[in-house]
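Asker: This is the structure alone, sequence omitted:
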């Protein structure tokens, strides 16, 4: 389980694929409000899917 203050996934996710400027700013700068928190949650789910796909490819 990911700790709430662990930002290592955000740095890794930035390198996995291209992001919109607003998503990149959110991943680097952090949450400023409820909307940002919701979007960061969506990005984290996308990160987990990509990470799982990469791990399956390596096997």
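Answerer: Everything's here; your move. Here the structure is a predicted model, which is why all the values come from computation and not from measurement.

Asker: Do a quick rundown of the helices in this protein.
Answerer: 8-16, 21-29, 34-58 (DSSP state H).

Asker: packing partners for the last one?
Answerer: Think helix 34-58. Helix 34-58 makes packing contacts with helix 8-16, helix 21-29 when contacts are defined by 3 or more C-beta pairs under 8 Å, 6 or more residues apart in numbering; DSSP states H and E. Using the backbone N, CA and C atoms, a C-beta is placed for each residue, glycine as well.

Asker: Between those helices, which one is closest to residue 44.
Answerer: helix 8-16 (6.8 Å; C-beta to C-beta).

Asker: and the closest one with helix 34-58, angle?
Answerer: Using axes from the mean of the first three to the mean of the last three C-alpha atoms, to 10 degrees, the interaxial angle of helix 8-16 with respect to helix 34-58 works out to 70 degrees.

Asker: related to what we said a few turns ago, any chance of the helices of the chain in TSV with mean pLDDT and mean neighbour count as columns?
Answerer: Below are these laid out as TSV (pLDDT from 0 to 100; neighbours: other C-beta atoms under 10 Å):
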stretch	mean pLDDT	mean neighbour count
helix 8-16	94	13
helix 21-29	96	14
helix 34-58	96	12
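
Asker: Please report the distance of residue 17 from residue 46.
Answerer: When distances are taken as C-beta to C-beta, to the nearest Å, residue 17 and residue 46 turn out to be 9 Å apart.

Asker: For residue 31, give its distance to residue 10.
Answerer: Distance from residue 31 to residue 10, by C-beta to C-beta: 11 Å.

Asker: likewise residue 54?
Answerer: The span separating residue 54 from residue 10 equals 16 Å under the rule C-beta to C-beta.

Asker: With residue 21 instead?
Answerer: The span separating residue 21 from residue 10 equals 15 Å under the rule C-beta to C-beta.

Asker: ok, back up a step: would you reformat the helices and strands packed on helix 34-58 as JSON lines and include distance to residue 39?
Answerer: Converted to JSON lines, these look like this (distance: least, C-beta to C-beta, whole Å):
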{"stretch": "helix 8-16", "distance to residue 39": "12"}
{"stretch": "helix 21-29", "distance to residue 39": "6"}
